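A.B. asks: Coordinates for the following, if possible.
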Amino acid sequence: MKKFLILTSLSILLISCGIRTGQVVTENRLNIQKIQLGMTLEEVNHIMGTETFSYNDYTNPDHKEQFYIKDKDIMKIYYYWTKRNASEKLSENEKYTPILFVNGIVGGIGWRSFEDAVKKYQLSITY
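C.D. replies: As a prediction, the model looks like this:
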């Protein structure tokens, strides 16, 4: 009986983490569609949220990078978790959708914008 209760508790915990992971991914997918070029970083934070989730200390965005371009401009790249890895067999980068900000304004959304920025500004990124 004791083993049954422990296994049941563990199963519920794992299932609830999986459900919450799916909710984050779904919410991010829906919210990212609301992002438009020219929005401010604050507007994006309001739409996407900046919540920290208890499992795996996941935050929204998952991670960020910052670069100085043209000696005076600042490019920030925020990566939002928009795909689950377990069932979709994705590489680490494919789980995310990047949003690019130049001086705090959305200048690009998605991997094509990311790749264009890497070429245009000759960014040195390891991925």
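A.B. asks: Near residue 74, how many other residues are there?
C.D. replies: A total of 13 residues lie near residue 74 under the criterion other Cβ atoms under 10 Å. (C-beta placed from N, C-alpha, C; glycine too.)
A.B. asks: Thought residue 102 was touching it, still the case?
C.D. replies: Yes. With contact defined as Cβ atoms under 8 Å, residue 74 and residue 102 form a contacting pair (7.4 Å).
A.B. asks: burial measure for residue 113, as a count.
C.D. replies: Neighbour tally, residue 113, other Cβ under 10 Å: 17.
A.B. asks: what's the answer for residue 83, then?
C.D. replies: 14.
A.B. asks: the helices in this structure, which residues?
C.D. replies: 2-32, 41-48, 85-88, 111-121 (DSSP state H).
A.B. asks: mind listing what's buried in the second one?
C.D. replies: For helix 41-48, the buried set under the neighbour-count rule, 16 or more other Cβ atoms under 10 Å, comprises 44, 48.
A.B. asks: Convert the C-alpha atoms of it to CSV, please.
C.D. replies: Only the C-alpha atoms of helix 41-48 are listed here, as CSV (Å, rounded to 0.1, in the frame of the first residue of the first chain):
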residue,chain,number,x,y,z
LEU,A,41,10.4,45.7,-24.6
GLU,A,42,7.9,46.7,-21.9
GLU,A,43,5.0,45.9,-24.2
VAL,A,44,6.4,42.5,-25.1
ASN,A,45,7.0,41.7,-21.4
HIS,A,46,3.4,42.6,-20.6
ILE,A,47,2.1,40.3,-23.4
MET,A,48,4.5,37.4,-22.9
